[in-house]
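[1] A predicted structure for the sequence below; I have some questions about it.
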Amino acid sequence: MDNIGIGVEQNYNNAARYLRESANKGNRDAQYMFGLCLREGDGVPQNVSAAIKYFQMAKENGEVASIRHLGELST
């Protein structure tokens, strides 16, 4: 995995690109992980409003961990 460097050199830019592609195809885990990238600015410019969008998508697809992040970002 590019984001943690298992089997390849750690590369947040590649990780974010692959996560975005998967997230936009409906993968809930990728939606959640890409939301984290956006929230923290890992591999992409930090964008909290976009992070909320991806966390919301993940939540709607059953990714319960995204609920906590939505709560934190909406305060």
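    All right, it came through fine. Numbers count the residues shown, from 1 in each chain.

[2] low-scoring stretches of this protein, by residue?
    The model of the chain has pLDDT under 70 over residues 1-6, 75.

[3] which helix or strand contains the nearest residue to Leu73 once chain neighbours are set aside?
    Once flanking residues are discounted, Leu73 sits nearest to Ile52: 5.4 Å by Cβ to Cβ, 6 or more residues apart in numbering. To be clear about C-beta, it is placed using only N, CA and C from the backbone, and glycine gets the same treatment. Assigned by DSSP states H and E, Ile52 belongs to helix 48-60.

[4] next, the buried residues of that helix.
    Along helix 48-60, these residues count as buried under the neighbour rule (16 or more other Cβ atoms under 10 Å): 50-59.

[5] for Leu19, which non-adjacent residue is closest in space?
    Of all residues not flanking Leu19 in the chain, Phe34 sits nearest, at 4.1 Å (Cβ to Cβ, 6+ apart).

[6] roughly how far apart are that neighbour and Gln10?
    The gap separating Phe34 from Gln10 is 17 Å, by Cβ to Cβ, to the nearest Å.

[7] looking at these two, which has the bigger crowd around it?
    Set side by side, Phe34 and Gln10 show more neighbours around Phe34, with 31 against 12, by other Cβ atoms under 10 Å.

[8] I figured that one hits Ala16, correct?
    Yes - the pair Phe34 / Ala16 is scored as a contact, 6.7 Å apart, by Cβ atoms under 8 Å.

[9] where does Tyr18 land in three-state SS?
    helix (DSSP: H, G, I helix; E, B strand; the rest coil).

[10] now the end-to-end length of stretch 35-46.
    End-to-end distance for stretch 35-46, by Cα to Cα, to the nearest Å: 10 Å.
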